[in-house]
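Asks: Sequence plus predicted model, see below.
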Amino acid sequence: MKKSSFKIYNTLFFRIYIYYAIMLALFAILIGFIFIRLYSQSSVDTVRQRLENQASNISVRMSEFVMNEDYQEGLSYLQVLQEVEKNKNILLTNDIWAVSNPSAKEPMSDRLENISLEGDKLNEEMEVVLNNAFNGKADYAASYSNLHGVEILTVGVPIYGTGGNVVGAILINSPVKQQQDAINSGRTLIVLSAILALFISFIIAILFARNLSNPISKMRITALELATGKYNVKTEIALRDELGDLAKAIDILSDKLLINEQERLNMEKMRQDFFANVSHELRTPITVVRAYAETLIDDVVTDEDKKKQYYKRMLSECKSMERLVGDLLVLSKMQNPEFAMEMEPVNIVQVFDDITRSVNAIGKKKNITLDMKKDKDVYIIHGDYDRLRQMFMIILDNAVKFSKEDSIVYIHIWEDCGLKISIKDEGVGISKEELPNIFDKFYKSKLRQNAKGSGLGLTIAKEIAIRHGGNIEVFSELNHGTEFVFQFNLTKEDYEEMSV
């Protein structure tokens, strides 16, 4: 079979890899974006919280200085804080401002203020933070400061005096650049980590796509081999998943196809043998009839007694052909699944009572008698009376044919896990070599008693038994007779019929 050609981007491996890679990339971008946002927000919140804590602590100390009117100590405290910020060895430091509340009943002394807010030192955002602090609310805002010339984060905390009045506020201005640099470094690290994770994931995706596509490719190749008639191929896939189950199903299909192919070949051989046997069986009597007919037409034989002999021989050969054709028609019907038998309750004892009259007449010439043994007079099975009679008649006819003179044919009917019937003779028996072949079509022993047989009798008998759900076993030994044992299953209805 010609293999289909396709480009790499049409392969299952490429499609699985691309789908998986796109999914990983989108997932990494989404997670990275969310994580960066969370990281940035967390960094800002951490700085803000730190500044608020610092401003709150400073506010508490300044409240003490205000209540104790310890102005010199308070101013020194602010100066020390500013010096500490300057010594942090960073480019931009935090500014700490103490601002008096002009709207308070008793504002904080201007001796504690460390900055004058005249001019444009405060922008709009900083003024909002300061006013909120004067109103007793801690607040913060990020904005551009003209004074610092950079983006800053401003935190405002109220300073309380006696009676819980807000006498001032602490403002801490921290340059955002420091935090932004840290955030940028964190973002860079996150992006690099995401790229590395994607690279590793893409390698895993290749392995994943290969492990998924390779079994499918093997199954495709196996299916193509099966399509060409190579039924002995196997997928050789041992996976414990759905793909493994599919591969196992293909292997089972391969076995079934192989078996069917062998059966087809056997059937073809049987068909050829069948036609060859039919041709052979018909050729001999036709040749004989033709020879006698030509002889009579040419007046080669003039003696009337001789002519009668020829006519008798022609009639005998015609009867033989008629019997052969009849057996072939019966066998054809038996082997046709659509052939329906007339099933009804049948008393096997009655069938044998009917048969024995005919068999006694046949065996009279050889003084053969029938000995029938049964435990009771009624054994019911569902079957076709005529076909059952035909089956048992074939076996009994053979028993008489191959029995010696003055012998006995034994018939035994009994129940044993169903219904059993034994027909045993005291005849010549069957050799071990011939025994496996006696039910084959057109098989005939070389004994003189079987010269006129068609070789289809036992085949027909076995087909009738099979159509009745039964089985035939044969036991034989040369010069010690042959026994045919029939086994039939009994249904509940059969037992009810026999108990009536």
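Replies: Received, thanks.
Asks: From now on I want contacts and neighbour counts done on CA atoms only, so please keep to that.
Replies: OK.
Asks: Enumerate every residue touching the residue nearest to L370 when sequence neighbours are not counted.
Replies: In space, and not counting its chain neighbours, L370 is closest to V409: 4.9 Å by C-alpha to C-alpha, 6 or more residues apart in numbering. V409 makes contact with I368, T369, L370, D371, A399, V400, I423, K424, D425, E426, according to C-alpha atoms under 8 Å, 6 or more residues apart in numbering.
Asks: just the buried members of these?
Replies: Among the contacts of V409, those classed as buried by 16 or more other C-alpha atoms under 10 Å are I368, T369, L370, A399, V400, I423, K424, D425, E426.
Asks: which of the contacts of V409 are the two that sit furthest away from each other?
Replies: I368 and I423 (13.9 Å; C-alpha to C-alpha).
Asks: On the three-state scheme, E473 is what?
Replies: What DSSP: H, G, I helix; E, B strand; the rest coil gives for E473 is strand.
Asks: Revised request: answer the last question for F442.
Replies: At F442, secondary structure determined by three-state DSSP is coil.
Asks: S174 too?
Replies: Reduced to three states by three-state DSSP, S174 is strand.
Asks: need the contact list for the closest residue to it other than its chain neighbours.
Replies: The shortest distance from S174 to any non-neighbouring residue, by C-alpha to C-alpha, 6+ apart, is to N94 (4.6 Å). N94 makes contact with E85, I172, N173, S174, P175 under the criterion C-alpha under 8 Å, 6+ apart.
Asks: Find the residue closest to the second one in space, skipping its chain neighbours.
Replies: Sequence neighbours aside, I96 is the residue nearest to I172 in space, at 4.6 Å (criterion: C-alpha to C-alpha, 6+ apart).
Asks: Now N184: which helix or strand?
Replies: helix 176-227 (DSSP states H and E).
Asks: To clarify, my last question referred to L258.
Replies: Applying DSSP H and E, one finds L258 within helix 242-297.
Asks: list the helices and strands that helix packs on?
Replies: Packing contacts for helix 242-297, counted by 3 or more C-alpha pairs under 8 Å, 6 or more residues apart in numbering; DSSP states H and E, involve helix 176-227, helix 304-334.
Asks: again, only this time at 7 Å
Replies: In terms of contacts (3 or more C-alpha pairs under 7 Å, 6 or more residues apart in numbering; DSSP states H and E), helix 242-297 is packed against helix 304-334.
Asks: and the helix or strand just after the helix it packs on, how far from the chain's centre?
Replies: Next helix or strand after helix 304-334 toward the C-terminus (DSSP H and E): strand 344-347. On the basis of C-alpha atoms, centre = their mean, to the nearest Å, strand 344-347 sits 47 Å off its chain's mean C-alpha point.
Asks: Show the average pLDDT along the helix or strand that strand 344-347 is followed by.
Replies: Downstream of strand 344-347, the next assigned helix or strand under DSSP H and E is helix 348-363. What helix 348-363 shows for mean pLDDT is 87.
Asks: Then stretch 18-31?
Replies: 79.
Asks: Kindly format the C-alpha coordinates of it as CSV.
Replies: Provided in CSV are the C-alpha atoms of stretch 18-31 (Å, rounded to 0.1, in the frame of the first residue of the first chain):
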residue,chain,number,x,y,z
ILE,A,18,2.3,23.0,19.3
TYR,A,19,-1.0,22.7,21.3
TYR,A,20,1.0,21.8,24.4
ALA,A,21,3.6,24.6,23.8
ILE,A,22,0.9,27.3,23.2
MET,A,23,-0.9,26.2,26.4
LEU,A,24,2.3,26.3,28.4
ALA,A,25,3.3,29.7,27.0
LEU,A,26,-0.2,31.2,27.7
PHE,A,27,-0.1,29.7,31.2
ALA,A,28,3.4,31.1,31.9
ILE,A,29,2.5,34.6,30.6
LEU,A,30,-0.6,34.7,32.6
ILE,A,31,1.0,33.4,35.8
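Asks: Pull out the buried residues from that stretch.
Replies: For stretch 18-31, by 16+ other C-alpha under 10 Å, it's I18, Y20, A21, L24, A25, A28, I29.
Asks: Secondary structure of the second one: a helix, I assume?
Replies: The one in question is Y20. Yes. Counting by three-state DSSP, Y20 is part of a helix.
Asks: So it sits against A205, correct?
Replies: Yes. Between Y20 and A205 there is a contact at 6.4 Å, judged by C-alpha atoms under 7 Å.
Asks: where in the stretch 351-500 of the chain is pLDDT low?
Replies: 443-454, 495-500 (pLDDT under 70).
Asks: how about the strands of it, start to end?
Replies: Assigned by DSSP state E, counting those that start in this stretch, the strands in the stretch 351-500 of the chain fall at 369-374, 380-383, 408-415, 419-424, 470-476, 482-488.
Asks: For the residue nearest to I172, give me phi and psi.
Replies: phi -110, psi 120 (degrees, to the nearest 10).
Asks: And it, how far from V157?
Replies: The gap separating I96 from V157 is 11 Å, by C-alpha to C-alpha, to the nearest Å.
Asks: quick one: pLDDT of P215?
Replies: For P215, the model assigns a pLDDT of 82.
Asks: show me what contacts it?
Replies: Shown in contact with P215 (C-alpha atoms under 7 Å, 6 or more residues apart in numbering): I237.
Asks: quick one, which of I96 and V157 is more surrounded?
Replies: V157 (33 against 23; other C-alpha atoms under 10 Å).
Asks: Find the residue closest to the more buried one in space, skipping its chain neighbours.
Replies: Nearest non-adjacent residue to V157 (C-alpha to C-alpha, 6+ apart): A138, at 4.6 Å.
Asks: What is the burial count for the one you found?
Replies: 20.
Asks: quick one: contacts for it?
Replies: Contacts of A138 by C-alpha under 7 Å, 6+ apart are N132, G156, V157, P158.
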